[in-house]
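In: Got a predicted structure plus its sequence, pasted below:
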Amino acid sequence: MSKISEKFQRTGDKENSKFFEEYLPKIYDRREASGLDDLFIGMRAVVVQVDHGESLKYLMELYLMTPYRFYKGYVSSTHKVYILQNKSDYPYLIILEPLSKDYSDQFTAIDSLYPRAAEKANARYIGEIYQSKNARETAKILSSQEIRFQDTAGIKNSFLANKNFIVSDLSYFTNNAVIYTNSDLLNLDSLAIGEPLSLTKEELAALAPVDDLHRKYGLEKLVFGIDHLATRVFAGEREDAILEFLCMTNYYFWGAYNIEDSNSSTNICRNPNVSYELHSPAKVFTANNTPFYVKTIDNLPSPTEDFVRNMGKRLHHIAYEVEDGEKDGEKNIDYVVSKLVEENIPFLAQIIGECKDVPDLKQIFSKSSPHSLLITEYVQRCKGFAGFFTKTNVGYLTKAAGEDEKLKH
Ligand SMILES: [Fe+2]
C-alpha cells in the first residue's frame with residue numbers, strides 16, 4: 001500500500017470501478033517511486049481568461065464578492081495580465097484579457113463547440129500554476145509517463161508561453177491545463193511577463209467604491225480565500241479526470257459522494273501537505289452517474305451533464321470560505337449574501353444547510369459571472385464541520401444551477 005493510501009482514510013459512498021481502485025494506489029506508488037511527490041511544492045495561482053474589454057468589470061465583481069485585490073499588472077504581446085492577491089497569501093488569482101477582440105487560440109476553439117460557451121468565446125478557466133522544486137524534471141518524468149506538454153513556441157497566449165512556465169496539453173477529460181514553474185511567484189518582475197501595467201485613474205476610480213462597499217459591510221473579515229475549485233465532466237470520464245489529475249499533482253483522492261437526487265457524484269481531491277486548505281485549494285470533480293442518452297429510459301435528472309453539453313467540460317465554480325460565526329444575529333454566510341443581494345449580485349435560490357446545534361455546512365451558489373462564466377460559491381462550516389458538502393445541500397445546489405444553465409431557445 002502506498003504511503004498516501006495508508007495515511008488518509010477514504011470518505012464517501014460513491015462506488016468506483018475495479019479499474020479505478022486498482023490504479024489509484026499504483027498511481028500513488030509511481031508518484032513516489034519516480035520522485036514526483038518530492039518535487040511538488042504547492043498551488044501558487046489560478047488562471048482565468050475573460051473576453052477582450054471585460055477585465056475591469058470582472059475586477060469590480062471580484063472586489064465586491066471576494067478578498068482578491070489587484071497586486072501587479074503586465075502587458076504581454078497578446079494579453080493584459082492582472083495578478084490579484086488575497087492578503088499576501090497563495091494562490092494568486094490571475095486574470096488574462098486578450099488585447100484584441102479577435103484573439104483566438106485553443107481555448108476559443110473549444111468554447112466555440114458549445115452553444116452557451118460560444119457566447120463568450122474567450123471566457124474560460126485555464127488552470128492552476130503549481131510550484132515545483134524542478135519544473136523541467138517534473139515535466140520530464142511526466143512525459144515519460146505519457147503526459148503531454150505544449151511546445152512553448154506553439155503557444156499563442158504569450159502569458160502561458162513564458163519560459164518560466166511549463167504547460168500541459170489541455171486535459172482530454174477537463175479541458176484544463178496544469179502549469180508548472182520553479183518560481184514561488186514572489187518576484188513577479190523576474191518572470192518577464194511583459195511591460196508593467198498599472199490601473200488607470202479611471203479604473204482605480206471604478207474600483208474604489210466597490211472596495212469601499214466590501215469594507216463597509218465588513219466582508220473583508222468574513223470572506224476568506226479559495227476553498228475549492230470544481231470542474232464538471234462527462235459521466236464516462238469521471239474516473240479518468242480524477243486519476244489523470246492525481247498523476248500530475250501531489251493531491252490525493254479524499255473521497256466521493258453519490259448524490260442520487262441529481263444523478264451525479266461529487267469527487268474531492270486534496271493536497272496532503274497543507275495545514276490550511278486555502279493555501280492549496282481542494283479540486284472537486286462532478287459528473288453524472290449515467291449519461292444523458294439514457295435519461296429518458298430511467299427518467300433521471302441530468303443537471304451536471306446538461307451543463308457539460310452546454311458549456312463544455314470546464315471549471316464550474318470557485319468556492320470561497322466564509323468565517324464560521326454570526327453577525328447582526330444571523331449566520332455570517334446569511335449576512336454576506338444579504339449584503340451582496342442588496343448590491344444586486346444575483347444568487348441561485350437561497351442559502352441551504354441548517355447549521356443548528358451540530359457540525360453542519362451552509363452553502364450557496366451565485367449566478368455565473370457574465371465575465372468569467374464561473375459561479376461563486378460561499379461555504380460556511382459550522383461547529384467544525386469537516387467536509388465539503390452534505391448530500392442534501394449538493395442535491396439542491398446542483399438542481400438550482402441546472403435550472404439556470406439550461407439552454408435558452
Ligand atoms: Fe462546491
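Out: Okay, I see it. Because the structure is predicted, anything quoted here is derived from the model rather than measured.
In: Report the contact partners of residue 358.
Out: Remark: with contacts taken as CB atoms under 8 Å, 6 or more residues apart in numbering, residue 358 is in contact with residue 383. In short, each C-beta sits where N, CA and C put it, glycine included.
In: element containing it?
Out: Under the criterion DSSP states H and E, no helix or strand holds residue 358.
In: With the one 4 residues further on instead?
Out: In this assignment (DSSP H and E), residue 362 forms part of strand 360-366.
In: ok, that strand near the ion or not?
Out: No - shown here: strand 360-366 not in contact with the ion (CB under 5 Å from the ion), separated by at least 7.1 Å.
In: need the contact list for residue 301.
Out: Residue 301 neighbours (CB under 8 Å, 6+ apart): 261-263, 295, 399, 402.
In: Can you name the next helix or strand after the strand holding residue 362?
Out: In N-to-C order, the element after strand 360-366 by DSSP H and E is strand 375-382.
In: Give me the residues contacting the helix or strand following that next one.
Out: Note on strand 375-382: by DSSP H and E, the next helix or strand toward the C-terminus is helix 391-405. With contacts defined as CB under 8 Å, 6+ apart, helix 391-405 is touched by 116, 257, 259-262, 264, 266, 286, 301-304, 306-307, 310-311, 316, 348-349, 352-353, 361, 363-365, 367-368, 375, 377, 389.
In: in helix 391-405, what counts as buried?
Out: 393-402, 405 (16 or more other CB atoms under 10 Å).
In: And for stretch 200-219?
Out: Of the residues in stretch 200-219, 203, 206-207, 210-211, 213-214, 217, 219 count as buried by neighbour count, 16+ other CB under 10 Å.
In: For PyMOL, what selects the buried ones among the contacts of helix 391-405?
Out: To isolate the buried members of the contacts of helix 391-405 in PyMOL, using 16+ other CB under 10 Å:
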select buried, resi 116+257+259+261+262+264+266+286+301+302+303+304+306+307+311+316+348+352+353+361+363+364+365+368+375+377+389
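In: Report the next helix or strand after the host helix or strand of residue 42 in sequence order.
Out: Residue 42 is part of strand 40-49, with elements assigned from DSSP H and E. Using DSSP H and E, the helix or strand that follows strand 40-49 in sequence is helix 55-65.
In: who does that following helix touch, helix- and strand-wise?
Out: Contacts defined by 3 or more CB pairs under 8 Å, 6 or more residues apart in numbering; DSSP states H and E place helix 55-65 against strand 79-86, strand 89-98, helix 201-216.
In: Give the next helix or strand downstream of the last one.
Out: Meaning helix 201-216. Remark: after helix 201-216, the chain's next helix or strand is strand 223-233, criterion DSSP H and E.
In: Now whichever helix or strand comes after that next one: average pLDDT?
Out: Of the helices and strands lying after strand 223-233 in sequence (DSSP H and E), the nearest is helix 238-248. Averaging pLDDT along helix 238-248 gives 98.
In: Determine the set of other helices and strands touching the helix or strand just after helix 238-248.
Out: For helix 238-248, the succeeding helix or strand toward the C-terminus, using DSSP H and E, is strand 252-259. In terms of contacts (3+ CB pairs under 8 Å, 6+ apart), strand 252-259 is packed against strand 11-12, helix 238-248, strand 264-270, helix 391-405.
In: average pLDDT across strand 252-259?
Out: 93.
In: May I have that strand as PDB, with CA atoms only?
Out: Output of strand 252-259 as PDB, limited to C-alpha atoms (Å, rounded to 0.1, in the frame of the first residue of the first chain):
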ATOM      1  CA  TYR A 252      -4.800  12.600  -3.100                       C
ATOM      2  CA  PHE A 253      -8.300  11.300  -3.500                       C
ATOM      3  CA  TRP A 254     -10.200  12.200  -0.400                       C
ATOM      4  CA  GLY A 255     -13.500  10.600  -1.400                       C
ATOM      5  CA  ALA A 256     -16.700  10.800  -3.400                       C
ATOM      6  CA  TYR A 257     -20.300  11.000  -2.600                       C
ATOM      7  CA  ASN A 258     -23.200   9.800  -4.600                       C
ATOM      8  CA  ILE A 259     -25.900  12.500  -5.000                       C
END
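In: quick one: strands adjacent to that strand?
Out: Counting by DSSP bridges, the strands paired with strand 252-259 are strand 11-12 (parallel), strand 264-270 (antiparallel).
In: What residues sit buried inside the helix or strand that the first one is followed by?
Out: I take that to be strand 11-12. With elements assigned by DSSP H and E, the helix or strand that comes after strand 11-12 is helix 18-34. Neighbour-count burial for helix 18-34, counted by 16+ other CB under 10 Å, picks out 20, 23-24, 27-28, 30-31, 34.
In: rewinding a little: between the helices and strands packed on strand 252-259, which one is nearest to residue 73?
Out: Closest to residue 73 of the helices and strands packed on strand 252-259 is helix 238-248 (CB to CB; 29.2 Å).
In: ok, and what's touching that closest one?
Out: Contacting residues not belonging to helix 238-248 are listed as 16-17, 19-20, 23-24, 27-28, 30-31, 142, 145, 147, 168, 171-174, 178, 231, 233, 251-253, 265, 267, 269, 283, 285, 287 [CB under 8 Å, 6+ apart].
In: what are the ranges of the helices in the stretch 51-200 of the chain?
Out: 55-65, 106-111, 135-144 (DSSP state H, counting those that start in this stretch).
In: Which other helices and strands does the shortest one contact?
Out: The reference is to helix 106-111. strand 124-132.
In: any idea of the mean pLDDT for the strand it packs on?
Out: 97.
In: on contacts alone, who are the packing partners of it?
Out: Using 3+ CB pairs under 8 Å, 6+ apart: strand 124-132 touches strand 40-49, strand 89-98, helix 106-111, strand 177-181, strand 314-322.
In: Just the angle for the last one relative to strand 375-382, thanks.
Out: If I follow you right, that is strand 314-322. Strand 314-322 runs at 40 degrees relative to strand 375-382, counting by axes from the mean of the first three to the mean of the last three CA atoms, to 10 degrees.
In: so strand 314-322 versus strand 89-98, what angle?
Out: 140 degrees.
In: mind listing what residue 325 touches?
Out: 331-332.
In: and what of residue 27?
Out: 243, 246-247.
In: just those residues now: which is nearest the ion?
Out: Of all the contacts of residue 27, the ion sits closest to residue 246, with 19.1 Å by CB to the ion.
In: Kindly provide the distance from the closest one to residue 80.
Out: Residue 246 sits at a distance of 34 Å from residue 80 (criterion: CB to CB, to the nearest Å).
In: Right, I'll leave it there.
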